[in-house]
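Engineer: Model the following, please.
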Amino acid sequence: MKYFGSFNEPSNADYDGDETNILQEFLAGVDPNKIQFLISTTNDHVNGLAPVQLSINGGVPSYIAVVDGTNFTPAGATWHPYTASNILINLGLV
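Structural biologist: Alright, predicted model coming up:
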């Protein structure tokens, strides 16, 4: 549950692509679900809300929190289940 948000993952899976399956990593005390991602936007200049595309290159995200122009600290972020790679971020007004 801690790493994937469910118990439905096969123990021989290697979602982070490091050639070690998730069971071996878990037994070795290593995070078996290292998330690798790339963030891109459609516009170079925005003011206020910005659509962002999150491309997952490795791992399986189960939750997401955006630290944006309204909550600059991780403590201010709200975690939500990860359901899509299209994210709307409030950058605040300049």
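Engineer: in its sheet, what does the longest strand anywhere in the chain sit against?
Structural biologist: As assigned by DSSP state E, the longest strand anywhere in the chain is strand 49-58. Next to strand 49-58 in the sheet, as set by DSSP bridges, lie strand 36-41 (antiparallel), strand 86-90 (antiparallel).
Engineer: Just give me the neighbour total for P61.
Structural biologist: 17 (other CB atoms under 10 Å). Yep, even glycine has a C-beta here, placed from its N, CA and C like the rest.
Engineer: Do you know the pLDDT at the closest residue to it other than its chain neighbours?
Structural biologist: Leaving out its chain neighbours, the residue that sits closest to P61 by CB to CB, 6 or more residues apart in numbering is Y82, at 4.2 Å. Looking at Y82, its pLDDT reads 86.
Engineer: Check A28 too.
Structural biologist: 94.
Engineer: How many neighbouring residues does it have?
Structural biologist: Quick note: A28 (other CB under 10 Å) scores 9 neighbours.
Engineer: Distance check, it against I22.
Structural biologist: Counting by CB to CB, to the nearest Å, the gap from A28 to I22 is 11 Å.
Engineer: Could you do N33 as well?
Structural biologist: N33 sits 7 Å away from I22, going by CB to CB.
Engineer: before we move on, back to that, I'd like the strands paired with strand 49-58 written out as a markdown table, with distance to I56, mean neighbour count and mean pLDDT added.
Structural biologist: A markdown table is the format used below for the strands paired with strand 49-58 (distance: least, CB to CB, whole Å; neighbours: other CB atoms under 10 Å; pLDDT from 0 to 100):
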| stretch | distance to I56 | mean neighbour count | mean pLDDT |
| --- | --- | --- | --- |
| strand 36-41 | 5 | 11 | 84 |
| strand 86-90 | 12 | 13 | 77 |
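Engineer: out of these, nearest to V60?
Structural biologist: Smallest distance to V60 across those (CB to CB): 11.0 Å, for strand 36-41.
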